[in-house]
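A.B. asks: Just need the structure, nothing else, for what follows:
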Amino acid sequence: MPFLEPVTLKGRHAILVPLSQEHHDDLVEAVKDGALWNLWYTFIPKPESMKAEIARRLALQEKGTMLPFAILDTGGKAVGMTTFMDADAANRRVEIGSTWYRMAVQRTAMNTECKLMLLTHAFERMGCIAVEFRTHFLNRQSRNGIERLGAKLDGILRSHRIMPDGTLRDTVVYSIVASEWPTVKIHLSWQLAKPRSGTAGR
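C.D. replies: Model prediction:
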């Protein structure tokens, strides 16, 4: 099986399907819930930029470095996006990132389940030895969510990126390695079994 192969992942709270321009209208509606593009410390497309952002992700898929998904709710409506990105097949590593959810489904079981499905696929189907998560040093909501997954801090890349507003981003790098996966899997499954569980989007 190719390292990055389009796949549909189904759960009780969400379905991850290969991203396409057919999801455009739903995603425009989703990003307007909370005006998510105004979050200065992350990259979330504006409504008028959604078509270009979908095209950008699909172009990276063609190059073999990204596998983008639309996140669907149980009614089949797209409520966000996520990806496997910066894929390194030779070293069996991948990052889960470029993720966002509409405001209405943040801090619900949906994100926990999506991460569980992605991590299960990465470790048990793709044979990854490590999965990374990266976020802005000042994005405390995202950092808290990543830490609740069971990921461990690898370090901070200082002045790593220039943000759209010209500020410099310090990027916090986390990872889960293969030897930790069985424990993390049990932990995430336990979180999903609780009456109210989940983490906010990255």
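
A.B. asks: The nearest residue to residue 89 once chain neighbours are set aside: what's it in contact with?
C.D. replies: Leaving out its chain neighbours, the residue that sits closest to residue 89 by CB to CB, 6 or more residues apart in numbering is residue 3, at 3.8 Å. For every residue, glycine as well, the C-beta is placed using N, CA and C. The neighbours of residue 3, taking CB atoms under 8 Å, 6 or more residues apart in numbering as the test, are 64, 87, 89, 92, 94, 126.

A.B. asks: need the helix or strand of the protein with the lowest average pLDDT.
C.D. replies: Counting by mean pLDDT, DSSP states H and E, the chain has its least confident helix or strand at helix 140-149, which shows a mean of 92.

A.B. asks: what's the spacing between that helix and its chain's center?
C.D. replies: Offset of helix 140-149 from its chain centre (CA atoms, centre = their mean, to the nearest Å): 12 Å.

A.B. asks: If you count neighbours, what's buried in that helix?
C.D. replies: By neighbour count on 16 or more other CB atoms under 10 Å, the buried set for helix 140-149 is 141, 142, 143, 145, 146, 148, 149.

A.B. asks: just how off-centre is stretch 110-129 within its chain?
C.D. replies: Relative to its chain's centre, stretch 110-129 lies at 11 Å (CA atoms, centre = their mean).

A.B. asks: do the same with stretch 159-176
C.D. replies: Taking CA atoms, centre = their mean, the mean C-alpha location of stretch 159-176 is offset from the chain mean by 16 Å.

A.B. asks: again with stretch 119-134
C.D. replies: Put simply, stretch 119-134 sits 13 Å off its chain's centre (CA atoms, centre = their mean).

A.B. asks: swap in stretch 124-138?
C.D. replies: 10 Å.

A.B. asks: Name the residues that touch that stretch?
C.D. replies: 1, 3-4, 7, 41-42, 86, 91-97, 119, 122-123, 142-143, 146, 149, 151, 154, 156, 169-178, 202.

A.B. asks: quick revisit: roughly how far apart are the residue nearest to residue 89 and residue 64?
C.D. replies: 8 Å (CB to CB, to the nearest Å).

A.B. asks: where do the contact lists of the two overlap?
C.D. replies: In contact with both residue 3 and residue 64: 87, 89, using CB under 8 Å, 6+ apart.

A.B. asks: is it true that residue 192 touches residue 116?
C.D. replies: Yes. The pair residue 192 / residue 116 is scored as a contact, 6.9 Å apart, by CB atoms under 8 Å.

A.B. asks: Which one's more surrounded, the two?
C.D. replies: Neighbour tally, residue 192 and residue 116, criterion other CB atoms under 10 Å: the higher count belongs to residue 116, 21 against 16.

A.B. asks: who's in contact with the nearest residue to that one once chain neighbours are set aside?
C.D. replies: Nearest residue to residue 116 in three dimensions, chain neighbours excluded: residue 188, at 4.4 Å (CB to CB, 6+ apart). Under the criterion of CB under 8 Å, 6+ apart, the neighbours of residue 188 are 112, 115, 116, 119, 149, 150.
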